[in-house]
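Q: Sequence and computational prediction follow.
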Amino acid sequence: MRILVVDDEQLLVKGIKFNLENDGYTVDGVYDGKAALELFRENRYDLIILDLMLPEIDGLTVCRKIREESNVPVIMLTAKSEGRDKLIGFEYGADDYVTKPFDILELKARIRVILRRSGKTSGRSEEYIEIGNIKADLLQRTVYAGKEAVDLTAKEFDVLATLMRSKGKIFSREKLLAEVWGKDFPADIRTVDVHVRRLREKLEKDDANPEYILTKWGVGYYFKAE
């Protein structure tokens, strides 16, 4: 597994790099947004750890540019803990958020969860789900709407797969948050709304009148049964 760590605090990057390399990861570290994009375009990474506040190019812009070219999972690091900042990060395509200062064990746990859900670990069976015009390959983590490939972030795919696996079942926002991000993930439930809205924009012919990802008002979200 190859991981890119981007933060303007050089000691922090070196500390993360040391700890992850001890766990067997290959880790590259850079200290500004411009260098991060250059390395991202030169190499293939399984995960990127990205600070929000960076010189040259800020972290949100870096995340947006990465997301335009790849669905590689992105964990954002930030000293800010306000829910609005986290929602903006998710809007730009981040898959997870860790607020500084953090425990390295927490970061390692988040990395393992994301890599496992991204299909980067062994043990996944070859499987796909097809409902109506939407087909999701759970092994390759690819999605098609008709014949057109749809580029999803890791978390968008996890939300979609969770809903499609249990078609017709209504998930509350709290339940979806626990299923996809983990029950102990300290996120605002509006995070779920952001991801559902982005899925509708990417998958539905008319996201204002969705055909597949539906809302049960006052209850939650569900994927239509066949």
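A: Nice, I can see it.

Q: how much space between the residue nearest in space to the middle of the chain and Thr215?
A: Centroid-nearest residue in the chain, with C-alpha atoms, centre = their mean: Asp95, separated by 2.4 Å. Per C-beta to C-beta, to the nearest Å, Asp95 is found 23 Å from Thr215. For every residue, glycine as well, the C-beta is placed using N, CA and C.

Q: where in the chain is pLDDT low?
A: 80-85, 119-127, 183-187, 226 (pLDDT under 70).

Q: so what strands line up beside the helix or strand harbouring Ile49?
A: Using DSSP states H and E, Ile49 falls within strand 47-51. Next to strand 47-51 in the sheet, as set by DSSP bridges, lie strand 2-6 (parallel), strand 74-78 (parallel).

Q: Would you mind measuring from the residue nearest to the centre of the chain to Ile88?
A: Separation of Asp95 from Ile88 (C-beta to C-beta): 14 Å.

Q: what's the answer for Leu214, then?
A: 27 Å.

Q: got it, and Glu174?
A: Glu174 is 22 Å from Ile88, by C-beta to C-beta.

Q: These two - which one has more neighbours?
A: Just comparing Glu174 and Ile88: by other C-beta atoms under 10 Å the higher neighbour count belongs to Ile88, 17 against 12.

Q: The more buried one is in contact with Leu60, isn't it?
A: Yes: applying C-beta atoms under 8 Å as the test, Ile88 and Leu60 come out as touching, 6.7 Å apart.
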